[in-house]
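Trainee: Quick one: sequence plus predicted model below, questions after.
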Amino acid sequence: MRQNKTVASTIFDVFNHIFLGIWAIITVLPFLYVLAASFAPDSEIKTRTFFIIPHNPTLLTYKFIFASNYFLRSMLNSVIITVGGTLVNLFFTFTMAYALSKKHFIGRSIVLNGVIFTMLFGGGMIPTYLLVKSLGLLNSYWALWLPGAISPFNFFVVKNFFQEMPQDLEDAARIDGCTEAQVLWKIILPLSKPIIATFALFYGVGHWNSWFGALLYINDAEKWPVQLILRQIVMLSTTLASDLTQFDPNFQPPQESLKMAIIVVATLPIMLLYPWLQKYFIKGMFIGSLKE
Amino acid sequence: MRKVKKILRLFLVSICIAGLLLTSIGVLGASKSKYSFKLTIMAQYFGTEPAPSNSPVILKAEEYLKTDLEFTWVPADGYNDKLNIMLASGNLPMVVYVPGKTASIIGACKAGAFWELGPYIKQYKNLKAIPDIVLWNSSIDGKIYGIPRSRTLGRNGIVYRKDWAKNVGITKLETIDDLYNMLKKFTYNDPDKNGKNDTYGMIVCNYNGPFYITLTWFGGPNGWGLNKNGQLVPTFLTNAYIENLKFWRKMYQEKLFNHDFPSVPGARWEDYYSQGKGGVKIDVIDSANRIYNGLKNNGIIPKDAKDTDIMDIVVSVKGKYGLRNMPTSGYSGYLMVSKTSVKDMNTFKKVMSILDKFGDRTMQDLFGYGLPNRHYKLVDGKIDPIPNLPADLSREISGLNQVLHFYPANGGTPRYMTPLLQLQADMQALNEKLNILVPNPTEALIGMSDTYIKRGVTLDNMIEDARVKYITGQLNDQGFKKVLDNWRRQGGDQIIKEVNALYRKYKKNIPYKEDIYKILNP
């Protein structure tokens, strides 16, 4: 009996390892291909179907990307948008969640219902644009930061997390002479590091990957994030090139390798954030979802 | 405690810095104003980056026009989204590039968001060169709201590998049978002499252009045609369409083109030719030079091979009904003048006269090619663009030609031509000279049909889907007929009714003789 069980569990383990291994390979391979293709000349990408190691590695596309300061500036723009946006998100989400996690907060249920309402109904693109426009935010990064400053879903997770914090901690702090703000900054937030890291990552990745807001609200091409340029290049190489060339004799469809290199440049920074925040990440998700 | 305070301070300070940074960028971006008049333009751009506002090309143009130019560049891919939202917000710049007649644009024109240019266009020296056909094709609701951006009408033709034809002993390409014969030999007679059976007569992709070009050879109309009773009917309800379908199915069965065509994206289409895999391309004539360059860059042909020895072009091939060919609509998008930012007649006239000047030789050269000895060289008084400009230089002209309307056509300094480029230009001209182009009488009408606006895309897809399935043999004659019946029931009949009513209403505006779009094979 005992032996049987071991055999079964061994089989299960072997199967599990093989399955997860294959899964991991399937997930990683496209990334490796994109990375490899970004170092390969265009002719190789067109003639070889799939490869991990380019035959004739070249740095040409990377030289092209970094030759004009346009890409570098758009990267910097992306960094500003992401860092600034994440700070704004965290500030508003956490302060609001903290306040609304207190049962004695007057008008709490009205505000909470209001938040739920926004999860179900949105104004849509045009009214939002009109609002942003009449607030005078067009062409400034505040147009990207303010309209989505609080994600209702994230807000509720944070609120539930705050509610589960032991009341005694707060009482102790208050006895020691803390004001409301001090309780939040000195007691609660230091204890919330995992959840802060988690939502910083959520919000940050969102800002880094978004392009539509910039397309709508930012007219000045000098302020565009790298994702907008990435998208333009990727989409251009899938439209009918001959259709574009009559009008634009100077236009050359973006090269395949350029597309790959820009994908690498645009995704790498945010991917590098994951391992750094990962230890908080899992913890944070669980803390937020616990229910008493 | 101190640590928390520090974090708090850091946090607030960084928000302030971010804010300051942005406002300072805003201040720096505030534009100079040298001239008394400022023209704001929104346009799309292709490529990686748009021209910066301090580009010497733009400065030069401002000097010539005595006007400040302020561009809003939108990536081509997101252009419609941005345009729609700007339309809805009533926040349009003075001149707006409009890519096509979408429902929202038609609605905006009807609602008076743009100036109607029709009554004024003939008063300007360059704009009056716009042919009536193009004006009609580009009209919305029978009225002209935008300056169409010129395109060659006779842009389509047959491009083929001359060296391959020589290798398999073909000397002429005049009839449909000649073409079929050529495709067959290009597929089975090893035209590239590499001893392998690795070539196709032609390469086909998911773009339906080639199919509709050959349709005209079989006597079919371009989009819609006039039947014996004086009614307009769509192509797929004609015999010519069925005959053409059968021709394509036969070519498919004999493997004269690639079997994976429905999944080949348009962007990859020409690559197959540049790799020497296909010999005939039924498409725009100007692909000949691109294929030649591709072949050369990929080392398929010797570097010193003469371009006209490798590629050849004919405008069309003869069928039962003589030479026929499909034209383009003659324009691609418009420049419209918005009523929200151009409020009075005086400003409007000023804007129009600037737009008219965009057709001047100076402007066509500047925005089309840039500055001499910087972006192009003059060879025998002709413009020869410098290839592979460094990024900073090519950026200075990027996108600028998107605001040109190219009227009068060839109004700029002529371009230096290689023999093949010259052949391309000659063939495009020949298309129009031979009078073989079959116009689409509904080009301007179809967008006015309410049912088409509502259900047109679904209905078009239905036919397209059936077309591909018929060619690949997944659908037989009866199956195809069933699809047509479905099309009729689900709104097709209504569209036919509406289009014909519109046709009767606007008939006198259409600048063609009726004969030219009669269905020869009904």
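Mentor: Looks like it arrived, so ask away.
Trainee: What parts of the stretch 51-200 of chain B come near chain A?
Mentor: Within reach of chain A by CB under 8 Å from any CB of the partner chain, the stretch 51-200 of chain B has these residues: B:52, B:72-78, B:81-82, B:85, B:88-89, B:91, B:149, B:151-152, B:155. For glycine as for every other residue, the C-beta is placed from the backbone atoms N, C-alpha and C.
Trainee: among those residues, which ones are buried?
Mentor: B:52, B:72-78, B:82, B:85, B:88-89, B:149, B:151-152, B:155 (16 or more other CB atoms under 10 Å in any protein chain shown).
Trainee: Take the residues you listed and keep only those in helices.
Mentor: Using DSSP state H, the members of those that fall in helices are B:82, B:85, B:88-89.
Trainee: Sort out which one of those lies nearest B:Ser398 for me.
Mentor: B:Lys82 (18.0 Å; CB to CB).
Trainee: So the closest one sits against B:Trp73, correct?
Mentor: No. B:Lys82 is not in contact with B:Trp73 according to CB atoms under 8 Å; the separation is 10.3 Å.
Trainee: Could you list the low-confidence segments of the chain?
Mentor: All of this refers to chain A. Residue ranges of chain A with pLDDT under 70: A:1-5, A:237-254, A:283-292.
Trainee: Chain B, not that one
Mentor: Using pLDDT under 70, chain B drops low at B:1-33.
Trainee: Up against chain A, what does the stretch 301-450 of chain B have?
Mentor: So the stretch 301-450 of chain B meets chain A at B:332, B:368-369, B:385, B:390-392, B:394-395, B:397-398, B:401-402, B:415 (CB under 8 Å from any CB).
Trainee: Show me the domain layout of chain A.
Mentor: A:1-57, A:61-290 (the TED database).
Trainee: number of nearby residues for residue 258?
Mentor: Going with chain A. 21 (other CB atoms under 10 Å in any protein chain shown).
Trainee: hm, I was asking about chain B
Mentor: Going by other CB under 10 Å, the residues that sit close to B:Asn258 add up to 18.
Trainee: Distance check, it against B:Ile313.
Mentor: 22 Å (CB to CB, to the nearest Å).
Trainee: can you check A:Leu201 too?
Mentor: For A:Leu201, the distance to B:Ile313 - CB to CB - is 57 Å.
Trainee: what do you get for A:Leu268?
Mentor: Counting by CB to CB, the gap from A:Leu268 to B:Ile313 is 46 Å.
Trainee: So which of these two has more stuff around it?
Mentor: Taking neighbours as other CB under 10 Å, A:Leu268 and B:Ile313 compare with B:Ile313 leading, 24 against 10.
Trainee: got the contact list for the residue of the stretch 301-450 of chain B found nearest chain A?
Mentor: Residue nearest to chain A within the stretch 301-450 of chain B: B:Ala391 (3.7 Å; CB to the nearest CB). Contacts for B:Ala391 were tallied using CB atoms under 8 Å, 6 or more residues apart in numbering or on different chains; they are A:64, A:67-68, A:70.
Trainee: cool, and B:Gly223?
Mentor: B:234-235, B:440-443, B:446.
Trainee: go again using 10 Å as the cut-off
Mentor: B:212, B:215, B:232, B:234-235, B:326, B:329, B:438-443, B:445-446, B:517 (CB atoms under 10 Å, 6 or more residues apart in numbering or on different chains).
Trainee: just the buried members of the contacts of B:Ala391?
Mentor: A:64, A:68, A:70.
Trainee: among those, which are in reach of chain B?
Mentor: A:64, A:68, A:70 (CB under 10 Å from any CB of the partner chain).
Trainee: distance of the most centrally placed residue in chain A from chain B?
Mentor: Central residue check for chain A by CA atoms, centre = their mean: the C-alpha nearest the mean position is that of A:Val205, 1.2 Å away. A:Val205 sits at a distance of 19 Å from chain B (criterion: CB to the nearest CB, to the nearest Å).
Trainee: Quick check: that residue touching A:Gln227?
Mentor: No. Using CB atoms under 10 Å, A:Val205 makes no contact with A:Gln227, being 11.5 Å away.
Trainee: backbone phi and psi for the closest residue to B:Lys281 other than its chain neighbours, please?
Mentor: Nearest residue to B:Lys281 in three dimensions, chain neighbours excluded: B:Val159, at 4.6 Å (CB to CB, 6 or more residues apart in numbering or on different chains). Note on B:Val159: backbone dihedrals following degrees, to the nearest 10 are phi -110, psi 130.
Trainee: show me what contacts B:Val159?
Mentor: B:202, B:273, B:279-292, B:311-314, B:424, B:427.
Trainee: For B:Asn258, see how far away it is.
Mentor: Noted for B:Val159: a distance of 17 Å to B:Asn258, by CB to CB.
Trainee: One more: B:Glu243?
Mentor: Counting by CB to CB, the gap from B:Glu243 to B:Asn258 is 23 Å.
Trainee: same thing with A:Ile106?
Mentor: To B:Asn258, A:Ile106 is 71 Å away according to CB to CB.
Trainee: cool, and A:Ala8?
Mentor: From A:Ala8 to B:Asn258 the distance is 51 Å (CB to CB).
Trainee: before we move on, back to that, excluding covalently adjacent residues, which one is nearest to the residue nearest to the centre of chain A?
Mentor: A:Ile270 (5.8 Å).
Trainee: OK, contacts around the one you found?
Mentor: Taking CB under 10 Å, 6+ apart as the contact definition, A:Ile270 lies against A:78, A:82, A:201, A:204-205, A:207-209.
Trainee: where does it fall, helix, sheet strand or coil?
Mentor: helix (DSSP: H, G, I helix; E, B strand; the rest coil).
Trainee: B:Pro191: neighbour count?
Mentor: Counted with other CB under 10 Å, the neighbours of B:Pro191 add up to 22.
Trainee: Secondary structure element holding it?
Mentor: Remark: B:Pro191 resides in no helix or strand, with elements defined by DSSP states H and E.
Trainee: B:Pro327 touches B:Pro439, doesn't it?
Mentor: Yes. Here B:Pro327 reaches B:Pro439: they are 6.3 Å apart, a contact under CB under 10 Å.
Trainee: what touches both of those two?
Mentor: What both B:Pro327 and B:Pro439 touch, as defined by CB under 10 Å, 6+ apart, is the set B:133, B:137, B:153, B:222.
Trainee: For the last one, the count of nearby residues, please.
Mentor: Looking back up the chat, that one is B:Asn222. Neighbours of B:Asn222 using other CB under 10 Å come to 24.
Trainee: For it, which residues are in contact?
Mentor: B:Asn222 makes contact with B:212-213, B:215-216, B:235, B:324-327, B:329, B:437-443, B:516-517, according to CB under 10 Å, 6+ apart.
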